[in-house]
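K.L.:
Quick one: sequence plus predicted model below, questions after.
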Amino acid sequence: TRAYYKTHWIPLRDSRLGGMNMASIGSADIHDWSTERAKSVGASSVNGSLRTLRRALRIAHDWNVIKTVPKIKVIKGEHKRDFVIDEKLLSTMLKHEKCTPVLHDLIPFLIDSGLRLGEAMSLQWKNVDLQNHPGSVFIERGKTETARRTVYLTDRARGILERRKDADKDELKTVFKFSSFTVGHHFTVLRNALELGSDCVLHSCRHSFCTRLGNAGNSAFQIMRLAGHANVSVSQRYVHEDVTSQKAAIASLNG
């Protein structure tokens, strides 16, 4: 998150907005900036800066630096990364020569746990329970308040953690000994070698986790709790109810 804000703050800093007093920034100023910025970059880049500005202004408001926060609307046309890594593709990825040892463990672990990349890279052994079945990991903090949660382990995720625990002779605190930037670079190299396209990113593992839960018939609320979504509306898009399930729901009222 820190890297995200740092990257998307630069276009704001170097624009007219960067020289304005925060209290004088209005919706019209923001609209003019986003319209001009959209002429040279894509919607995702523009919206990244808009979200960064919105976050900064809200913090300024919380700190009583400004009295009001102008309304900021993201622009349309942002490409959603809905790439799903299925078991066949996962097998191909893990067998590829560009799949580094950390990716060999991290990719299936993320797919089975749904952790955000930052949550996984900061995961410490003190928050890993391998004593009780099926085992679990506890996320102390994350992107939102609801990110604090316990996630139970699949057999595969548990096996990965057990292997890493046995090999962790130096007893370092973190489970994965790399930065998010490093593993992100490793993944990009692997993705490009397999010619998967730019919509396949490490976050696709988390998307795959939620998609699998939805396809298995789990409710949006279950997905929200397991993934640590801030709002059930985010989880709802992974749930696809058909006519049969709707009829069964009504039939259940018959007693």
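P.N.:
Looks like it arrived, so ask away.
K.L.:
Now the top helix by length along the chain: buried residues?
P.N.:
If you go by DSSP state H, the chain has its longest helix at helix 43-62. Applying a neighbour-count criterion of 16 or more other C-beta atoms under 10 Å, one finds 43, 45-50, 52-57, 60 buried in helix 43-62. (C-beta placed from N, C-alpha, C; glycine too.)
K.L.:
for that helix, what is the average pLDDT?
P.N.:
Helix 43-62 carries an average pLDDT of 91.
K.L.:
gap between that helix and the chain center?
P.N.:
Computed by C-alpha atoms, centre = their mean, to the nearest Å, the chain-centroid distance of helix 43-62 equals 18 Å.
K.L.:
what sits up against it?
P.N.:
4-5, 7-9, 11-12, 17, 22, 25, 30, 34, 37-38, 66-70, 72-79 (C-beta atoms under 8 Å, 6 or more residues apart in numbering).
K.L.:
For this protein, which residues score under the pLDDT cut-off?
P.N.:
For the chain, applying pLDDT under 70 flags the ranges 1, 78-81, 142-144, 169-172, 240-246, 255.
K.L.:
re earlier: any quick ChimeraX command for the buried ones out of the contacts of helix 43-62?
P.N.:
Selection command for ChimeraX covering only the buried members of those, criterion 16+ other C-beta under 10 Å:
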select :8,9,11,12,17,25,30,34,37,38,66,69,72,74,75
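K.L.:
From the contacts of helix 43-62, which land in strands?
P.N.:
Using DSSP state E to define strands, no part of the contacts of helix 43-62 is located there.
K.L.:
which residues sit in contact with the nearest residue to C205 once chain neighbours are set aside?
P.N.:
Using C-beta to C-beta, 6 or more residues apart in numbering and skipping residues adjacent in sequence, the residue nearest C205 is L110, 3.5 Å away. L110 sits next to L117, A120, L202, C205, R206, F209 when contact means C-beta under 8 Å, 6+ apart.
K.L.:
One more pass at 7 Å, please.
P.N.:
Residues near L110 by C-beta atoms under 7 Å, 6 or more residues apart in numbering: A120, L202, C205, R206.
K.L.:
any idea which element the third one lies in?
P.N.:
Secondary structure from DSSP states H and E places C205 in helix 203-215.
K.L.:
re the thing from before, closest one of the buried residues of helix 43-62 to F187?
P.N.:
F187 has its nearest neighbour among these in G48, at 19.6 Å by C-beta to C-beta.
K.L.:
K98 and K126: what is the separation?
P.N.:
In this structure, K98 and K126 are 33 Å apart, going by C-beta to C-beta, to the nearest Å.
K.L.:
neighbour count winner among the two?
P.N.:
Higher neighbour count among K98 and K126: K98, with 15 against 9, using other C-beta atoms under 10 Å.
K.L.:
Report whether the expected contact of the more buried one with V189 is present.
P.N.:
Yes - the criterion here is C-beta atoms under 7 Å, and K98 meets it with V189 at 5.4 Å.
K.L.:
Am I right that S252 sits in a helix?
P.N.:
Yes - counting by DSSP: H, G, I helix; E, B strand; the rest coil, S252 is located in a helix.
K.L.:
give me every residue that touches it.
P.N.:
Contacts of S252 (C-beta under 7 Å, 6+ apart): none.
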